[in-house]
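Asker: A structural model of the following input is requested.
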Amino acid sequence: MPFPMPADTNFSIVKRSLASDYAMPTLEAASDYYEIGYQISGDRMTITPDCSFALRANMVGTMPPYIYHRTLPLSDVPYISYLVKFRPEFVRPLTDALGQNVLDEIYSQLFNRFAPSIRSRILLYFQEMHELFESNSFFKDFRLQCMLCDLLLAVLNNRLPNDAADGMHQNTGGQMIHKTPLSPSIIDAIYYMEQHYQETPSLETVAQLSGYSASHFSRLFHAQLGKPYSEYLTRIRIRHAQDLLLNTKKSVTEIALETGYLHTGNLSEQFKQQTGMTPLQYRKANAYTPALP
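Answerer: Residues are numbered from 1 along each chain as shown. Next comes the predicted model:
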């Protein structure tokens with residue numbers, strides 16, 4: 001959540017340990033600083049006007065100023081991360097050398113994945129910056145400036161390409177590009193749907209919460225997301241079912257009830273329509289390994 005930076009500082013880093021169900025209560029945007037963070041554990045969704053994306057363990061999230069967004073949980077895994085905030089002047093050596101557009105290029109991807117051989121190196125930057133930031137080391141600010149510039153280039157040079165998709169892969173993350181930029185009311189509607197999908201909220205309920213008539217909300221939702229409300233809600237439920245299939249030992253019946261389906265057959269039918277596989281075929285195809293002993 002973008003809390004304001006103190007006026008007398010250009011850099012900060014914290015290690016956050018939050019409950020797995022932590023969710024940003026409102027739509028927020030940073031005003032005059034950039035964010036970059038390393039996800040140690042936890043599964044999060046970020047909703048912005050232009051896209052929604054999943055951020056999972058060993059991934060780096062970036063957020064430039066002035067992009068309104070909200071985040072919410074995708075699993076019950078504890079949410080632990082490093083979060084860096086900095087003002088543009090703190091990385092002036094980098095932009096003076098390579099041009100201001102280098103920051104634009106780095107922040108053109110809001111979530112960043114890395115090959116397994118690179119992840120420990122990326123994490124080490126955050127660990128060492130956090131340790132140095134908390135110390136009374138001589139020339140601390142200069143050393144942090146150098147480390148941050150080096151980290152930003154390491155992210156730019158080593159991240160894997162993100163392909164725009166109409167869904168989110170449960171292991172690697174992914175993004176959904178919105179048909180048109182989302183208005184704040186539609187972002188809040190998606191946020192509500194993500195938190196209450198088990199209850200199968202009706203279009204009328206979400207429309208009322210958004211302050212629109214059902215008919216106007218339906219047209220607005222379809223125009224911005226390129227699909228009707230019911231189809232989008234189904235995709236939310238199926239995505240959560242995928243996550244439970246891959247990361248728990250729960251039966252298909254248990255997963256059906258947890259994702260708002262009264263009958264296993266209804267889940268299986270919609271799951272196959274969305275993925276081309278039954279739930280058990282999906283679990284087997286993705287080399288399911290029980291996460292619990």
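
Asker: Quick check: Y282 touching L244?
Answerer: No: counting by Cβ atoms under 8 Å, Y282 does not reach L244; the two are 10.9 Å apart. Every residue, glycine included, has its C-beta placed from N, CA and C.

Asker: where do the helices sit along this structure?
Answerer: All helices of the chain, identified by DSSP state H, fall at 92-98, 101-106, 116-133, 140-158, 184-196, 203-210, 214-225, 229-247, 252-258, 264-275, 279-285.

Asker: How about residues contacting the third one?
Answerer: With contacts defined as Cβ atoms under 8 Å, 6 or more residues apart in numbering, helix 116-133 is touched by 11-15, 38, 40, 58, 60, 82, 84, 114, 140, 143-144, 147-148, 150-151, 154-155, 158.

Asker: Make a ChimeraX selection of whichever of those residues turn out to be buried.
Answerer: Listed next is the ChimeraX selection for buried residues among the contacts of helix 116-133, using 16 or more other Cβ atoms under 10 Å:
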select :11,13,38,40,58,60,82,84,114,143,144,147,148,151,154,155,158
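
Asker: residues near P161, how many?
Answerer: 6 (other Cβ atoms under 10 Å).

Asker: Distance check, it against A115.
Answerer: To A115, P161 is 12 Å away according to Cβ to Cβ, to the nearest Å.

Asker: Least confident secondary structure element in the protein?
Answerer: strand 174-177 (a mean of 68; mean pLDDT, DSSP states H and E).

Asker: List the contacts of D150.
Answerer: Contact analysis of D150 by Cβ under 8 Å, 6+ apart lists Y125.

Asker: go on, G61?
Answerer: G61 neighbours (Cβ under 8 Å, 6+ apart): E35, I36, G37, Q39, T46, L55, L110, F111, N112.

Asker: Could you export the helices of the chain as TSV, including distance to I67 and mean pLDDT?
Answerer: Output for those, formatted as TSV (distance: least, Cβ to Cβ, whole Å; pLDDT from 0 to 100):
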stretch	distance to I67	mean pLDDT
helix 92-98	19	96
helix 101-106	13	95
helix 116-133	22	97
helix 140-158	18	97
helix 184-196	11	89
helix 203-210	21	94
helix 214-225	17	92
helix 229-247	22	88
helix 252-258	32	94
helix 264-275	29	92
helix 279-285	33	89
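
Asker: Sweet, I'm off.
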